[in-house]
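In: generate a structure from the sequence data that follows.
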Amino acid sequence: MAAIDFALAPVQDLHRDRTSRIHTVLQAGSAPAHGTAAVYCLAHHALEGAETAARARDTAAFDWYRAHPDADASTLSTPTVVGPRVVVSPGPDRLLRSPLSETPYYLLGPGTSAAPETERELAAAAYALGARAGFAGLLADHAVVACLLRRKNLGDTLISWSITRLPGTVFCDHVGDPAILGRDLIHEAGHNWLNDALTATACKISDETEFYSPWRKTSRPAFGFLHACWAFPLTMIYTARILPDTDGPTHDFLAAYLEQQRGLLATTAEDHTRALALVTHPGLRQRLHTIHDEALTL
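Out: Alright, predicted model coming up:
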């Protein structure tokens with residue numbers, strides 16, 4: 001299947017610059033032996049961990065993060081087709097909350113252990129499916145840490161999210177099926193990509209303009225609307241590409257998902273054109289248009 005090009009020079013520059021700054025703040029030594037995007041992701045875990053430790057006056061943890069600017073990823077990594085990934089399953093009771101955000105999150109740290117082997121194998125298979133469907137570049141750079149949350153049954157509501165303070169990290173419920181987990185990894189990696197792209201291209205989307213979001217069934221600021229009109233189309237393209245190779249309940253679930261998304265996305269066509277006018281970087285604007293347009297044709 002044709003690979004989708006997610007490379008954007010300003011994003012790569014952002015990764016290099018911010019990683020360098022974080023390592024300077026941490027007074028870390030040489031950069032860990034990972035790709036630039038992976039180092040960028042892991043450096044944010046180290047920075048957040050060091051800040052949390054400093055606020056708690058936890059000297060041991062603070063020193064650990066300074067000594068491990070990659071948050072010890074080298075000992076936690078699971079090999080996948082898109083490179084080493086950190087796959088963890090900390091459980092809801094170990095998720096953190098911050099005054100800066102109500103969204104819970106998890107930090108790699110001295111007490112982190114890799115997920116059980118079955119979940120690491122599940123994640124590796126999900127990355128492989130995503131890569132085969134053309135999303136290798138997205139998953140390689142924007143889904144470096146996979147935090148698997150609750151194991152649910154097919155048909156249950158699956159919750160996934162990402163946060164701007166931990167770029168490259170995704171949080172996902174799962175049902176033990178790599179095809180479905182691959183969809184959710186791509187969705188959250190898409191959010192991470194767009195956050196980085198908007199920052200790297202200095203595109204500031206006004207909160208004053210709102211558009212109706214069929215996914216939330218309410219009006220949302222342009223920033224959230226554009227995010228939805230990027231992340232959901234990515235999962236639609238992925239689903240359409242892998243659907244012929246699935247069967248049984250997985251096939252039925254994904255086919256129903258794709259049909260549902262077709263109807264929702266169709267209602268955004270006119271507003272999406274207007275929202276794109278707020279994106280000032282031509283290359284980024286074209287990427288968003290191309291993916292949305294392809295998904296509309298599915």
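In: ok, which stretches of the protein are strands?
Out: Remark: strands assigned in the chain by DSSP state E are 77-78, 85-88, 96-98, 101-105, 145-151, 160-161, 169-174, 210-213, 218-221.
In: give the contact list for the nearest residue to residue 78 once chain neighbours are set aside.
Out: In this structure, residue 78 finds its nearest non-sequential neighbour in residue 120, 4.4 Å apart by Cβ to Cβ, 6 or more residues apart in numbering. Where you see a C-beta, it was placed from the backbone N, CA and C, and this is true even at glycine. Taking Cβ atoms under 8 Å, 6 or more residues apart in numbering, we find residue 120 in contact with 78, 87, 114.
In: buried subset of those residues, written for PyMOL?
Out: Restricted to buried positions by 16 or more other Cβ atoms under 10 Å, the PyMOL selection for these reads:
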select buried, resi 78+87
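In: hmm, back to that, can you say which of the strands of the chain is nearest to residue 203?
Out: Closest to residue 203 of these, according to Cβ to Cβ: strand 218-221, at 13.9 Å.
In: packing partners for the longest helix seen in the chain?
Out: Identified as the longest helix of the chain according to DSSP state H is helix 178-200. Contacts defined by 3 or more Cβ pairs under 8 Å, 6 or more residues apart in numbering; DSSP states H and E place helix 178-200 against helix 9-26, helix 117-130, helix 136-142, strand 160-161, strand 169-174, helix 222-242, helix 248-266, helix 282-296.
In: can you list the ones you listed in TSV and add mean pLDDT and distance to residue 49?
Out: Shown next, in TSV, are the helices and strands packed on helix 178-200 (pLDDT from 0 to 100; distance: least, Cβ to Cβ, whole Å):
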stretch	mean pLDDT	distance to residue 49
helix 9-26	92	10
helix 117-130	98	22
helix 136-142	98	20
strand 160-161	96	20
strand 169-174	98	13
helix 222-242	98	27
helix 248-266	98	36
helix 282-296	97	31
